[in-house]
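K.L.:
based on what follows, work out the 3D shape:
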Amino acid sequence: MANVQLVETSLRDGNQSLWGALGIDTAKTLSVAPIMNRVGFKAIDFTTSTHMAVAVRYKREDPWERIRLTAKAMPNTPLQFLSTGFRFISWETANPEFMALAFRTLVRNGIRRFALADPMNHADSNLASARMVKEAGGQYVVAALVFTVSPIHDDAHYVACARQLAASPHVDALYLKDPGGLLTPLRASTLIPAIKAVIGDKPLELHSHCTIGLGELVYMNAPEWGVSAVQCASGAASDGISNPPSERVLANLREFGHQVHVDDQALAEVGGYFTRLAEAEGLPAGQPQAFDAGYFHHQLPGGMVGTMRRHIAEVRLSHLEPAVIEELGRVRKELGWPIVMTPFSQLLLAQAVINVTAAERYATVPDEVIRYALGRFGKPNIRIAPEVMDRIDSLPRTRELRQEPGMPSLAELRRQIGSHLSDEELLLRVTMPAEQVDRMKAAGPAPQTYDPDVVPVKKLIRYLCCRRDISHIS
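P.N.:
Prediction:
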């Protein structure tokens with residue numbers, strides 16, 4: 001039987017999948033950090049540039065401060081940053097100089113582990129990032145093999161990528177990243193051994209979701225095929241469209257005879273914290289999901305399901321969700337089977353919403369879809385459908401974007417935005433609206449303590465203080 005480690009995902013993927021990336025702030029993070037540090041996790045899936053933007057835009061909190069404080073509170077457990085391609089916060093493809101600065105700044109603030117997931121599964125792109133991370137001082141690089149189901153993503157595709165990634169001295173481990181929870185036990189039984197056969201002694205981790213009830217089943221067999229770590233969420237931040245629940249995975253792995261060395265009491269405390277947090281804040285708790293074969297059509301990752309529902313609700317289009325999902329599958333095929341993950345999940349979803357709500361499909365094409373078609377995110381896996389490419393080529397905006405200059409040099413960005421700025425502030429101001437960064441700075445340091453058990457009491461007191469018809473409170 002195998003020794004299996006756990007990577008905890010509640011703060012990043014669980015939060016994004018179930019709570020639209022809005023459920024966690026600095027105080028909520030710091031309040032659970034010492035407990036998480038006791039568990040014995042291999043790592044904490046902590047943040048992405050998207051979550052850093054959410055901290056600024058919606059929480060008015062400094063994401064760099066959050067990283068520093070959490071790293072200090074969890075000295076025994078590496079914090080992970082997930083990087084999806086050559087981009088940081090904005091959708092714009094960054095130049096190597098800018099990405100190198102981002103990686104150096106993340107390391108300096110406390111990120112020790114980097115997960116690299118190229119949205120095209122281009123190994124060369126992941127290897128370039130891995131080299132930059134190690135040059136920046138990153139301790140551990142995990143390169144992703146992003147799983148999807150399509151006519152072109154067969155086992156041979158993943159084996160070729162795995163062989164190239166494992167040969168690099170800058171890659172410490174690989175992980176099979178299944179953002180849609182699409183990996184079936186049958187497919188895993190051939191795919192995982194094939195990957196293990198070509199990566200030598202480098203560890204292989206597995207990341208999946210419970211979206212259609214498959215992730216937890218695959219986790220049970222994964223150690224027998226060579227997986228040494230599985231990625232789980234805790235309490236109310238797990239299950240549903242999130243990751244498999246850590247306590248249940250732990251119990252079942254041990255029942256099958258595998259060894260998982262963690263502090264069981266601390267793990268239970270972590271799960272209890274996220275459950276109480278969800279109850280206090282009115283956030284949905286993940287629930288076991290039924291198998292849904294239709295999900296293979298659109299393949300939205302767990303994080304994007306929550307984001308999609310929030311976005312279409314904001315524009316009062318929730319009733320169109322079934323039509324949008326159906327259209328998303330058609331758009332993906334027409335655009336050459338891109339993997340449904342950031343940034344492509346957002347691009348596909350935007351185009352699908354436009355196609356459903358407009359009088360004619362592709363009547364409008366967002367800039368990012370045009371940039372994808374022009375190869376700004378890397379060459380599409382296969383040729384885009386001719387009628388769609390003809391439509392994109394005919395747009396005046398396409399002609400403009402063909403001439404679009406790349407990101408300015410770092411020196412030019414400093415000259416434009418402010419040579420006096422710290423690296424941390426420069427990275428935010430280059431990629432975000434200035435007024436959002438200004439509001440974050442004006443808000444000052446973030447609160448650092450949070451107790452979900454007193455939240456209902458505070459809400460009651462606020463309610464009573466607003467009443468004008470009460471003279472005494474007992």
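K.L.:
what about the residue lying closest to Ala128 once chain neighbours are set aside, how many residues nearby?
P.N.:
On the basis of Cβ to Cβ, 6 or more residues apart in numbering, the spatially nearest residue to Ala128 that is not a chain neighbour turns out to be Pro96, at 7.3 Å. Every C-beta, even on glycine, is put in place using the N, C-alpha and C of the backbone. Using other Cβ atoms under 10 Å as the criterion, Pro96 is surrounded by 13 other residues.
K.L.:
all helices of the stretch 351-474 of the chain, in order?
P.N.:
In order along the chain, the stretch 351-474 of the chain carries the following helices (DSSP state H, counting those that start in this stretch): 367-373, 386-394, 396-402, 410-417, 423-431, 434-443, 455-466.
K.L.:
for Ala173, which of those helices is the nearest?
P.N.:
Each of the helices of the stretch 351-474 of the chain was checked against Ala173 via Cβ to Cβ, and the shortest separation belongs to helix 423-431, namely 26.7 Å.
K.L.:
who touches the closest one?
P.N.:
The list of residues contacting helix 423-431 from outside it, by Cβ atoms under 8 Å, 6 or more residues apart in numbering, reads 49, 52-53, 56, 62-64, 88-90, 92, 98, 101-102, 104-105, 108-109, 413-414, 417-418, 421, 437, 440.
K.L.:
let's see it at 7 Å
P.N.:
Counting by Cβ atoms under 7 Å, 6 or more residues apart in numbering, helix 423-431 makes contact with 56, 64, 88-90, 101-102, 105, 413-414, 417, 421, 437, all of which sit outside it.
K.L.:
can you put the residues you listed in TSV and add pLDDT and neighbour count?
P.N.:
Compiled in TSV, the contacts of helix 423-431 are given as follows (pLDDT from 0 to 100; neighbours: other Cβ atoms under 10 Å):
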residue	pLDDT	neighbour count
Val56	97	22
Trp64	98	21
Phe88	91	25
Ile89	89	20
Ser90	84	14
Leu101	96	20
Ala102	97	22
Thr105	98	19
Leu413	93	21
Arg414	94	16
Ile417	93	15
Leu421	95	15
Val437	97	18
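K.L.:
now, which of these sits nearest Leu335?
P.N.:
When those are compared against Leu335 (criterion: Cβ to Cβ), the nearest one is Ser90, at 21.1 Å.
K.L.:
output the helices of the stretch 351-474 of the chain as a markdown table; include the columns distance to Ala236.
P.N.:
As requested, the helices of the stretch 351-474 of the chain are exported to a markdown table (distance: least, Cβ to Cβ, whole Å):
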| stretch | distance to Ala236 |
| --- | --- |
| helix 367-373 | 33 |
| helix 386-394 | 41 |
| helix 396-402 | 43 |
| helix 410-417 | 40 |
| helix 423-431 | 30 |
| helix 434-443 | 27 |
| helix 455-466 | 14 |
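K.L.:
where exactly do the strands run in the stretch 101-250 of the chain?
P.N.:
Here the stretch 101-250 of the chain has its strands, by DSSP state E, counting those that start in this stretch, at 113-116, 140-146, 173-177, 204-207, 229-232.
K.L.:
elements contacting the first one?
P.N.:
Spelled out, that is strand 113-116. Under the contact criterion of 3 or more Cβ pairs under 7 Å, 6 or more residues apart in numbering; DSSP states H and E, the helices and strands touching strand 113-116 comprise strand 79-83, helix 123-136, strand 140-146.
K.L.:
correct me, but Pro245 touches Cys232?
P.N.:
Yes - judged on Cβ atoms under 7 Å, Pro245 makes contact with Cys232 at a distance of 6.5 Å.
K.L.:
counting neighbours, go ahead and name the busier of these two.
P.N.:
Higher neighbour count among Pro245 and Cys232: Cys232, with 31 against 25, using other Cβ under 10 Å.
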